[in-house]
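S.K.: Dropping a prediction and its sequence here:
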Amino acid sequence: MTSAMRLSVLASVAVMSLAMSGSVPAQQNNMTFFITSAGPGKGADLGGLAGADAHCQQLAQAAGAGGKTWRAYLSTNAAAQGGAVNARDRIGNGPWQNAKGTVIATSVADLHSDNNKINRANAYNEKGELVKMRGDTPNMHDMLTGSDLDGKAFAGNLNLTCNNWTSSTFGSAMLGHVDREGIADTVYQKSWVSSHMSRSCSQPDLVATGGNGLFYCFAQ
């Protein structure tokens, strides 16, 4: 092989490598939905909605998708400052796509219908990695939501938001199954948003029931 041919081959390989290395950030830039790769580490104490939103923003920024306004999919009850907040009202209008480019819902109504694509095949975090789900070790399919099946807040006398995401010691959290799988064939066990309550708000208890303090993030 001549020197000129070697240089040509090397140049082609370099171009291909650059293209391949740039493909992941390009996908992340278009991402408008992800599951957090980790929680803040204090169980369901996320620092309130503001802290949860900031966590979404930080993770998105690290993944190359920080040029959007990110919101955590979380409800609060009437005890929150300003009254109850519905998770479905915080996330914009859609459509939303994950880190692999799959559109998981086209609108808020679509997101809360059986047509949405939040399931085992599409449960990617901001890094483009699949979340560990039922059948994996450890199972982390429980997502913090504090919401009913329609993505709305519960009655004010029900503390299913761990004191509106400010406590790791008091109350419990409503959880959704990101893989839409559970121990029974019910609408709740198959719900990505409202499957069952957590044992408590602590990180160990969230882990013990099949979670890791993870939650959903949407770009408005």
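M.R.: On my side now, so go ahead. Numbers count the residues shown, from 1 in each chain.
S.K.: now the helices for the chain?
M.R.: 3-30, 48-62, 108-111, 162-165, 203-208 (DSSP state H).
S.K.: what's the first-to-last distance across stretch 151-167?
M.R.: One end of stretch 151-167 to the other measures 21 Å (Cα to Cα, to the nearest Å).
S.K.: how about stretch 126-144 as CSV, C-alpha atoms only?
M.R.: C-alpha atoms of stretch 126-144 as CSV (Å, rounded to 0.1, in the frame of the first residue of the first chain):
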residue,chain,number,x,y,z
GLU,A,126,-30.5,10.5,30.2
LYS,A,127,-27.3,8.6,29.3
GLY,A,128,-29.2,6.3,26.8
GLU,A,129,-29.0,3.4,29.2
LEU,A,130,-32.0,1.1,30.0
VAL,A,131,-33.2,1.3,33.6
LYS,A,132,-32.9,-1.9,35.5
MET,A,133,-36.4,-3.4,35.6
ARG,A,134,-38.3,-6.4,36.9
GLY,A,135,-36.2,-9.5,36.3
ASP,A,136,-32.9,-7.5,36.6
THR,A,137,-30.7,-7.3,39.6
PRO,A,138,-31.4,-5.0,41.3
ASN,A,139,-34.9,-4.2,40.2
MET,A,140,-35.4,-0.4,40.0
HIS,A,141,-38.7,-0.2,38.1
ASP,A,142,-40.5,1.9,40.8
MET,A,143,-40.7,5.6,39.8
LEU,A,144,-41.6,8.4,42.2
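S.K.: Which positions within it qualify as buried?
M.R.: 126, 128, 130-134, 139-144 (16 or more other Cβ atoms under 10 Å). Where C-beta positions appear, they are placed from N, C-alpha and C, glycine not excepted.
S.K.: likewise stretch 158-178?
M.R.: For stretch 158-178, burial by neighbour count (16+ other Cβ under 10 Å) applies to 159-168, 171-178.
S.K.: how deep is Q220 tucked in, by neighbour count?
M.R.: Residues near Q220, counting by other Cβ atoms under 10 Å, number 12.
S.K.: and what of A38?
M.R.: A38 has 12 nearby residues by other Cβ under 10 Å.
S.K.: Can you tell me who G176 pairs with across the strands?
M.R.: M143 (DSSP bridges).
S.K.: contacting residues around it?
M.R.: 142-143, 145, 147, 191-195 (Cβ atoms under 8 Å, 6 or more residues apart in numbering).
S.K.: Next one, pLDDT for V207 please.
M.R.: The per-residue pLDDT reported for V207 equals 96.
S.K.: My error: substitute D185 in the last question.
M.R.: 90.
S.K.: That one - how many residues pack around it?
M.R.: Neighbours around D185, by other Cβ under 10 Å: 7.
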